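Peer 1: I need the structure of the sequence given here:
(one chain, ligands or ions: 2)
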Amino acid sequence: MKQATLVLIKPDGLKKSLTGNILTRLSETKLDIIAAKIVRPNRELASEHYCQMKEKPFFEELIQYICGEIHDKHKVMAMVYYGEDAIKKVRNLCGATNPEEAEPTSIRGSYGRITSAGIYENVIHASGNETEAKREIKLWFEPDEIIIHLFPTKITEITSKVRVWHDRRP
Ligand code: ATP
Ligand code: MG
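Peer 2: Ligands and ions are numbered 1, 2, ... in the order given. Prediction:
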């Protein structure tokens, strides 16, 4: 069954210049990238993304980590991968949550670490199941940022001001 899954290269992955390596590993899946962008997550987005972790003792550190506060790299690369069994294929390549328990050849096994403060810096996020994927993709991307029609959309009128290029042509 064709599925879409949200992939984030976390701030430690960007700080360590691992983008190319991670994308190369992900290309082994032969899945399609149907959306991609660099995002500066704020606390609101980070807390919503990890809403299921709210009760965990490490929640505050996790939010600081994903916002890039720990790495002084306030950005993540967000992507949607699409294709047959996308969720499982990407999760398998990522490896276990704890980078020390992850298969050594997996992305997390290769590049992750546990900090002295106990945070799992595991360089990549991937949706765990279809419900998570749907919620996460809608949280990180607007419909027009994804090149195929994934979920139902509606047309709504927005009257707020938006920033545009001052002069599109030189
Ligand atoms: P992610 O959602 O980031 O892809 P995951 O689905 O493998 O990871 P979750 O249980 O959703 O694992 O945990 C979310 C994140 O919280 C992990 O990626 C890791 O950064 C952090 N985390 C999870 N468990 C622990 C733990 N026991 N100690 C420290 N940090 C943890
Ligand atoms: Mg998770």
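Peer 1: Tell me, how many residues neighbour the closest residue to residue 42 other than its chain neighbours?
Peer 2: Nearest residue to residue 42, sequence neighbours excluded (Cβ to Cβ, 6 or more residues apart in numbering): residue 67, at 7.1 Å. Yep, even glycine has a C-beta here, placed from its N, CA and C like the rest. Residues contacting residue 67 under the criterion other Cβ atoms under 10 Å number 21.
Peer 1: So for the longest helix belonging to the chain, what gets flagged as buried?
Peer 2: What stands out as the longest helix in the chain, according to DSSP state H, is helix 130-140. For helix 130-140, the neighbour count (16 or more other Cβ atoms under 10 Å) marks 133-137, 140 as buried.
Peer 1: One more: stretch 140-156?
Peer 2: In stretch 140-156, counting by 16+ other Cβ under 10 Å, buried: 140-141, 146, 150.
Peer 1: got the end-to-end distance for stretch 108-119?
Peer 2: Stretch 108-119 has an end-to-end distance of 13 Å (Cα to Cα, to the nearest Å).
Peer 1: For it, the averaged confidence score.
Peer 2: If you average the pLDDT over stretch 108-119, you get 93.
Peer 1: so what's the residue nearest to residue 129 when sequence neighbours are not counted up against?
Peer 2: Nearest residue to residue 129, sequence neighbours excluded (Cβ to Cβ, 6+ apart): residue 87, at 6.4 Å. Counting by Cβ atoms under 8 Å, 6 or more residues apart in numbering, residue 87 makes contact with 3, 5, 126-130, 133.
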